[in-house]
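> below are the sequence and a predicted model; questions follow.
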Amino acid sequence: MASVGFIGLGNMGAPMMRNLIKAGHAVKAFDLADTARKAAADAGATAVTTAREAAQGVEVVVTMLPAGAHVKSVTLGEGGLFAAAAKGTLFIDSSTIDVASARAVADEAAKAGHLMIDAPVSGGVGGAEAGTLTFMVGGPDPAFARAKPFLEAMGKTIVHAGGPGNGQAAKICNNMLLGISMIGTCEAFALAEKLGLDAQKLFDIASKSSGQCWSMTTYCPVPGPVPTSPANRDYKAGFAAAMMLKDLKLAVEAAQGAGASVPLGAEAAQLYNLMAGAGQGGLDFSGIIHMLRGKA
């Protein structure tokens, strides 16, 4: 088993870290929040007081941070993780960040003598807790091969999407599609209500017809048809609308940089921005059906 530094113990990072401990790895854990560090220690990790300390004397460093600016500030420079870690350390960044930042950080990792992959995830908090996450991985083949056993301790599906930054590219493309399809699904169910069509009847028909999609069959945005969906828990977030907005913004920014046309992705970002602006960013992203019904 290996020694691992884990930095970023939020809703996703904490259960991911616990699964590494369950797999037998020795984990040094850091988060800015005292409560998160205490919970990590209670779970069997060695809680440390700085990110640099988490990266010293370990074979692997996992980061799960909010944005590209945070990843850069933690890893780069004389006080950063790349300078603190021994040469040859493997870095796994599971943050969801912009592609340009992911590629820039990977380049600096290589210059510092480290291996690095970007490995954003899909599957939400439930997947993190169950160890069934999907990892979309970008990076060189040797780094992916070395990282795979650690990813398998935290996830079920691991896909090598190509070179540095391609994991982030896969994540934002997937989540742009998800955001668009959820809005379409919500519009269909909201229209059905207005037309007097029972939600279960629409589900029974559309889930077996050409309108079938994951947003409907696994995450149905109305109570009843899919008992495990957040709609049955007052839209308590599995994946918060604010996080969907973040990913849609990343997709639109990447499209602008690449000269790609994403009119539906841009419109989806605007709709989720309205939802967040109405104070509903903490709801599950399927809760956008409230806004589409005309209910703030």
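Here it is on my side, so go on. Only a predicted model underlies this, so the values are computations on that prediction, with no experimental measurement involved. Residues are numbered from 1 along each chain as shown.
> pLDDT below threshold where in this structure?
Within the chain, the stretches with pLDDT under 70 are 296.
> distance from the centroid: which residue in it tops it?
Going by Cα atoms, centre = their mean, the residue of the chain most distant from its centre is Gly196, 37.2 Å out.
> give the helix, strand or coil label for that residue.
Using DSSP: H, G, I helix; E, B strand; the rest coil, the three-state assignment for Gly196 comes out as coil.
> same question for Ser181.
Taken by three-state DSSP, the conformation at Ser181 corresponds to helix.
> for Ala145, see how far away the residue farthest from the centre of the chain is.
From Gly196 across to Ala145, the span is 57 Å (Cβ to Cβ, to the nearest Å). C-beta here means a position set from N, CA and C on the backbone, and glycine is covered the same way.
> Ala104 too?
Applying Cβ to Cβ, one obtains 23 Å for the distance of Ala104 from Ala145.
> ok, those two, which is more surrounded?
A side-by-side neighbour count of Ala104 and Ala145, using other Cβ atoms under 10 Å, places Ala104 first with 17 against 11.
> out of everything not next to it in sequence, what's closest to the most centrally placed residue in the chain?
When the chain is reduced to its mean C-alpha position, the closest residue under Cα atoms, centre = their mean turns out to be Val121, at 4.4 Å. Of all residues not flanking Val121 in the chain, Leu133 sits nearest, at 4.5 Å (Cβ to Cβ, 6 or more residues apart in numbering).
> I figured the one you found hits Gly127, correct?
Yes: contact between Leu133 and Gly127 holds when scored by Cβ atoms under 8 Å: they sit 4.5 Å apart.
> and for the two, which residues touch both?
Counting by Cβ atoms under 8 Å, 6 or more residues apart in numbering, the common neighbours of Leu133 and Gly127 are Val121, Gly155, Lys156.
> show me the helices in the stretch 1-150 of the chain, by range?
In order along the chain, the stretch 1-150 of the chain carries the following helices (DSSP state H, counting those that start in this stretch): 13-22, 34-42, 51-55, 68-75, 81-84, 99-111, 124-130, 141-154.
> helices or strands next to the third one in the packing?
In terms of contact count using 3 or more Cβ pairs under 8 Å, 6 or more residues apart in numbering; DSSP states H and E, helix 51-55 is assigned the packing partners strand 3-7, strand 26-30, helix 81-84.
> any chance of the ones you listed in a markdown table, with mean neighbour count too?
Shown next, in a markdown table, are the helices and strands packed on helix 51-55 (neighbours: other Cβ atoms under 10 Å):
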| stretch | mean neighbour count |
| --- | --- |
| strand 3-7 | 25 |
| strand 26-30 | 23 |
| helix 81-84 | 20 |
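> now distance to Ala112 too, for those, in a markdown table please.
As requested, the helices and strands packed on helix 51-55 are exported to a markdown table (distance: least, Cβ to Cβ, whole Å):
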| stretch | distance to Ala112 |
| --- | --- |
| strand 3-7 | 15 |
| strand 26-30 | 19 |
| helix 81-84 | 4 |
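> what's the distance between the closest residue to Arg52 other than its chain neighbours and Ala188?
With Cβ to Cβ, 6+ apart as the criterion, Arg52 has its nearest non-adjacent residue at 4.2 Å, and that residue is Ala84. Here Ala84 is placed at a distance of 52 Å from Ala188 (Cβ to Cβ).
> can you give me the buried ones in stretch 52-59?
Neighbour-count burial for stretch 52-59, counted by 16 or more other Cβ atoms under 10 Å, picks out Arg52, Glu53, Ala54, Ala55, Gln56, Val58, Glu59.
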